[in-house]
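Asks: The sequence and its predicted three-dimensional model are supplied below.
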Amino acid sequence: MNVKIFKALGNSARLKIIQTLLVKEHNVTDLTSIIKKDQTTVSRHLLTLTNANIIKSKRNGRKIFYSIFNNQMKEWLLKILISQTK
């Protein structure tokens, strides 16, 4: 595992973004209202998560949608989040 991944997971706002993206993909506007942070802050968190290869982005028209990087990452994140609730 890359150290960037663990650093990226060390923030409650980024964890909330991950939890949200585990359900379905979202754009910055959606995430801003869900985690109740301003767009600049959400964008900064998304960049950190993207640089750690936790999430990926895709453009659809003028909007950019974010999702979990791949199924292997999704399964790993689910295991971590489930273990936190025990």
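Replies: It's in.
Asks: So what touches the longest helix seen in the chain?
Replies: As assigned by DSSP state H, the longest helix anywhere in the chain is helix 71-85. Contacts of helix 71-85 with the rest of the structure, by C-beta atoms under 8 Å, 6 or more residues apart in numbering, involve 9, 15, 18-19, 22, 53-54, 68. Quick note: C-beta positions are derived from backbone N, CA and C, even for glycine.
Asks: which stretches of the chain have low pLDDT?
Replies: Counting by pLDDT under 70, the chain has low-confidence residues at 1, 86.
Asks: what's the nearest residue to the most centrally placed residue in it if we skip its chain neighbours?
Replies: Centroid-nearest residue in the chain: residue 18, 3.6 Å away (criterion: C-alpha atoms, centre = their mean). Once flanking residues are discounted, residue 18 sits nearest to residue 77: 5.9 Å by C-beta to C-beta, 6 or more residues apart in numbering.
Asks: With residue 9 instead?
Replies: Spatially, and ignoring its direct neighbours in sequence, residue 9 is nearest to residue 15 (6.5 Å; C-beta to C-beta, 6+ apart).
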